[in-house]
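Chemist: The sequence and its predicted three-dimensional model are supplied below.
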Amino acid sequence: MSEIIDWSIVGPAFVAGLIILSTHVPLGAVVLERGIIFIDLAIAQIAGLGVIAAHSMDWNPGGIEVQIAAVSAALIASLGLAWSERHWPKIQEPLIGILFILAATGGILLLAGNPHGSEHLKELLVGQILWSTWPDLVPVAVLYAIILAIWFLLRERLGSWVFYVSFAFVVTASVQIVGIYLVFASLIIPALATAGLSGRKRLWLGYLIGGVSYFAGIIASAVLDLPTGAIIVWAMAVISLLAGFALGNIKAANTGSN
C-alpha cells in the first residue's frame, strides 16, 4: 500500500478536504433549512465563470486578479440573491436555477474559442485536489477561520445577508480546489445524512462523515487510479447513505421503545 500511495500528495489533499468541510458542513445545513438546494451549484458556477473570464483575458492563473474576478462575480450573485430572497421569496429557487444555467452556458461560450477549453471546463467541474500543496492551503485556511468566526459569533446580529456573503467567499475558494461537483457534495450530502439531528451533534457527525469520505475517496483514487474528485463524491454518497440508514434505525428504535 505504501508503495502505491504517495503521502506527500495524499496528505495535503486530505487536509484540503477537511478545510473545505469546516465551512461547508454548517453552511450546507442552512441551505437545506432554507430550501435553496442549488444555490451552491449556482454560486460555484458563477465563481468559476469569473475564473474563466480572467483566463480568457490571459491573466496570470495564480495571480490576485483571478481571485478578485472570481470573488467579485460570486459576491454580486450572492448579494443579488439576498435581495431577491427579501423581495421575491416565492421564486427564489427558480431564480437560482436560472442563474446556474446562465453561468454554466456563459462559461461554455467564453471557452468556445479556446483550444484547451474542454480541459479547463473539466478542471472547473471535478477540481484538482491532488495538486493541493501546503503553501496553497494556508490562505484558504485563514479565510475559512475568519468566515467561521463570523458565522458562529456574529451571525445572529448580522442577519441573513451574512449567509450569502460568507457563501460567496467560501465557494470561490473551494471551487478552485475541489471543483463544482465536490462543492455541491460537501455542502449537501453530509447535511442530508444528518438532517434528523440538530446542534453540535449534527455538526460533528457531518464533519465525521465528510472526513471519512474524503479520506476513503483519496485512497481509493490512488489505489485504483481513478479521478479523485469523482470517486470522493461517490464515497461520500455511500457513506452518507449508510449513516442515514443508521440514524433512521436509531430513531425508529427510540420511537418504538417509548
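Modeler: Arrived safely. Small disclaimer: the values here were computed from a predicted structure and weren't measured. Residues are numbered from 1 along each chain as shown.

Chemist: Quick test: name the residue nearest the centre of the protein.
Modeler: Geometric centre of the chain, nearest residue: Val183, 2.2 Å, by CA atoms, centre = their mean.

Chemist: distance of it from Phe38?
Modeler: Distance, Val183 to Phe38, using CB to CB, to the nearest Å: 12 Å. Placement of C-beta: from N, CA and C, glycine included.

Chemist: Same check on Glu123?
Modeler: Per CB to CB, Glu123 is found 21 Å from Phe38.

Chemist: Tell me the buried residues in the longest helix seen in the chain?
Modeler: The longest helix of the chain (DSSP state H) is helix 161-193. Within helix 161-193, the residues that count as buried by 16 or more other CB atoms under 10 Å are 162-193.

Chemist: before we move on, what about stretch 44-57?
Modeler: Using 16+ other CB under 10 Å as the burial criterion, the residues of stretch 44-57 that qualify are 44-56.

Chemist: among those residues, which are in helices?
Modeler: Checking these against DSSP H, those in helices are 44-56.

Chemist: Looking at those residues, spot the one nearest Gly211.
Modeler: Closest to Gly211 out of these is Ala44 (20.9 Å), distances taken as CB to CB.

Chemist: surely that closest one meets Ile177?
Modeler: No - the pair Ala44 / Ile177 is not scored as a contact, 11.4 Å apart, by CB atoms under 8 Å.

Chemist: what residues are up against the closest residue to Val212 other than its chain neighbours?
Modeler: Spatial nearest neighbour of Val212, excluding adjacent residues (CB to CB, 6 or more residues apart in numbering): Ile239 at 5.8 Å. Applying CB atoms under 8 Å, 6 or more residues apart in numbering to Ile239 gives the contacts 209, 212-213, 216.

Chemist: mind putting these in TSV, distance to Ala145 and neighbour count included?
Modeler: Formatted as TSV, these follow (distance: CB to CB, whole Å; neighbours: other CB atoms under 10 Å):
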residue	distance to Ala145	neighbour count
Ile209	22	23
Val212	23	15
Ser213	23	28
Ala216	26	17
